[in-house]
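Peer 1: Based on what follows, work out the 3D shape:
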Amino acid sequence: MKNLSLLILILLTVSCTNKQKQEITMPYSKADFESVIDGKTTHLFTLKNKTGMLVSLTNYGAKIVSIYAPDKNGQYADVLLGFKSIEDYQNYGASHGAVVGPFANRIANATFTIDGETYNLPVNNGEACIHSGPDSWYRKVWDYQENENSVVFSLESADGEFGFPGNKKVQVTYTLTDANELKIDYSVTTDKACHFNLTNHSYFNLRGEGNGDILDHIVTINADKSTPVASSAMIPTGEIVDIRGTDLDFTSPHAIGDRIDNDHPMLQYGIGYDFNYVINKAENKLDFAASAYEPESGRFMEVKTTEPGIQLYTGNHLKGTEIGKAGRPYTKRTGFCLETQHFPNSPNQPNFPSTLLLPGETLNSTTIYKFSVK
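Peer 2: The predicted structure is shown next:
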């Protein structure tokens, strides 16, 4: 009996040791992310915490490349849509996992006015400018500083670049904590008044990237109100409306697929969800914004932010022309975004929270994506 007990103890010890030694094998190498773009060298960076969670980053666009998070059985999968090389990021959608700026989301007629001077921006979404144009910061090579559990990316953007005024300095810090939190801290200054709206444009699939659609993901958004759009051009009307009880309401948990094809006008305009939600929280307070749960894997993601809004986008325009890290095409609704932000078209809507930053001021913003299981 003693021998049997000893054998069981040894087997349990071996089993636990094997589980602890589980290695994550990424489908790319550092060499795949080493290139020279506009005279600057691109790199791959890896953060790993004590629990085994892994995040990889590149200074091309200050992008998140992968997020490996455990499921309810302790098995890791990459829950972020993205690509296997810098070349792929250049050829495909550069916004995947990227820091978007100077201004994320849409600006109507691709113009805004500050102190009587009109600034013209790139037109790349109907008559609007979206995500600051087709190139913007997500096609720039950022400077970097590696620390023990974080990477700091920094960039200088000249006066007039992409039409935005001011010599701008931006810093973005990614930190992976032992609580399985990926924390993103933004900091911006400018020497001329300019509108800013920074976000990270990551697409998630908590079942694992390339592993089917995201319609079963159960989403909760801490928002009673949203900023409705007037048409398929997706420009906010300027109103802030109560959405409780409608097909846009996620104050109680709903699967993304439950109502996504309903005949609500907003869902018809967006071909699914692609809307800004007004978070129920105090101004500039770091607080709960949204969560997503995938029942098959048990993975649960919570989003906290200091921003006043969050955009739920359900990958309605993914066309299958991009091949992801798992070797599978990203087709419609195979990823979703929860983009923390100020409201779309804020420069032209004075009743929205201001996005204007003045010389001598510093924009500071924080967003946290926390991963666990249920």
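Peer 1: any low-confidence regions in this structure?
Peer 2: Applying pLDDT under 70 to the chain picks out residues 1-22.
Peer 1: go with 90
Peer 2: Along the chain, the model assigns pLDDT under 90 to residues 1-23, 93-94.
Peer 1: ranges for the strands of the stretch 101-250 of the chain?
Peer 2: 106-107, 111-114, 117-120, 129-130, 143-146, 150-157, 168-176, 181-190, 194-195, 199-200, 218-221, 225-226, 241-242 (DSSP state E, counting those that start in this stretch).
Peer 1: How about residues contacting the longest one?
Peer 2: It refers to strand 181-190. Strand 181-190 is contacted by residues 55, 64, 67, 99, 101-102, 165-177, 196, 198, 200, 357-359, 361-371 when judged by Cβ atoms under 8 Å, 6 or more residues apart in numbering. C-beta: built from backbone N, CA, C; applies to glycine.
Peer 1: Could you tell me which of those residues count as buried?
Peer 2: 55, 64, 67, 99, 101-102, 165-168, 170-177, 196, 198, 200, 357, 363, 365-371 (16 or more other Cβ atoms under 10 Å).
Peer 1: what's the burial count for Lys140?
Peer 2: 24 (other Cβ atoms under 10 Å).
Peer 1: residues touching Thr42, list them.
Peer 2: Shown in contact with Thr42 (Cβ under 8 Å, 6+ apart): 33-36, 58-60, 86, 141.
Peer 1: Inside helices: which ones of those residues?
Peer 2: Residues from the contacts of Thr42 lying in helices, with DSSP state H as the criterion: Ile86.
Peer 1: Could you work out the most separated pair of the contacts of Thr42?
Peer 2: Val36 and Thr58 (13.5 Å; Cβ to Cβ).
Peer 1: So which of the two has more stuff around it?
Peer 2: The neighbour comparison of Val36 against Thr58 (other Cβ under 10 Å) goes to Thr58, with 28 against 10.
Peer 1: and the gap between the more buried one and Arg299?
Peer 2: Distance, Thr58 to Arg299, by Cβ to Cβ, to the nearest Å: 24 Å.
Peer 1: hang on, the earlier thing: for the contacts of Thr42, I'd like a selection string for ChimeraX - just the buried members, please.
Peer 2: Selection of buried members from the contacts of Thr42 for ChimeraX, criterion 16+ other Cβ under 10 Å:
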select :33,35,58,59,60,86,141
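Peer 1: From the contacts of Thr42, pick the one nearest Ile214.
Peer 2: Thr58 (23.8 Å).
Peer 1: quick one: contacts for the nearest residue to Leu54 once chain neighbours are set aside?
Peer 2: Leaving out its chain neighbours, the residue that sits closest to Leu54 by Cβ to Cβ, 6 or more residues apart in numbering is Tyr68, at 4.2 Å. Contact analysis of Tyr68 by Cβ under 8 Å, 6+ apart lists 24, 53-55, 76-79.
Peer 1: who wins for most neighbours among the residues you listed?
Peer 2: Ranked by neighbour count (other Cβ under 10 Å), the contacts of Tyr68 have Val79 at the top, with 27 neighbours.
Peer 1: Could you measure from that residue over to Lys30?
Peer 2: Using Cβ to Cβ, one gets 21 Å for the distance from Val79 to Lys30.
Peer 1: Then Gly97?
Peer 2: Counting by Cβ to Cβ, the gap from Gly97 to Lys30 is 17 Å.
Peer 1: Neighbour count: those two, which is higher?
Peer 2: Neighbour tally, Gly97 and Lys30, criterion other Cβ under 10 Å: the higher count belongs to Gly97, 26 against 12.
Peer 1: Just the element for the more buried one, please.
Peer 2: Using DSSP states H and E, Gly97 maps to neither a helix nor a strand.
Peer 1: I'd assumed Val55 was in contact with it.
Peer 2: No - Gly97 lies out of contact with Val55 (Cβ atoms under 8 Å); the separation is 10.3 Å.
Peer 1: Next, show the common contact partners of these two.
Peer 2: Ile64.
Peer 1: Compute the number of surrounding residues for the closest residue to Pro134 other than its chain neighbours.
Peer 2: Sequence neighbours aside, Asn124 is the residue nearest to Pro134 in space, at 5.0 Å (criterion: Cβ to Cβ, 6+ apart). Asn124 has 16 neighbouring residues, counting by other Cβ under 10 Å.
Peer 1: got it, and the one 5 residues further on?
Peer 2: Using other Cβ under 10 Å as the criterion, Cys129 is surrounded by 27 other residues.
Peer 1: which residues touch it?
Peer 2: So Cys129 contacts 103, 106-107, 110, 121-123, 163 (Cβ under 8 Å, 6+ apart).
Peer 1: Scan those residues and report the most crowded one.
Peer 2: When neighbours are counted by other Cβ under 10 Å, Phe103 leads these with 31 neighbours.
Peer 1: my read: that one touches Pro165, true?
Peer 2: No - if you go by Cβ under 8 Å, Phe103 and Pro165 don't touch, sitting 11.8 Å apart.
Peer 1: what's the overlap in contacts for these two?
Peer 2: With Cβ under 8 Å, 6+ apart, Phe103 and Pro165 have no common neighbours.
Peer 1: Let me know the distance separating Phe352 from Phe343.
Peer 2: On the measure of Cβ to Cβ, Phe352 and Phe343 end up 5 Å apart.
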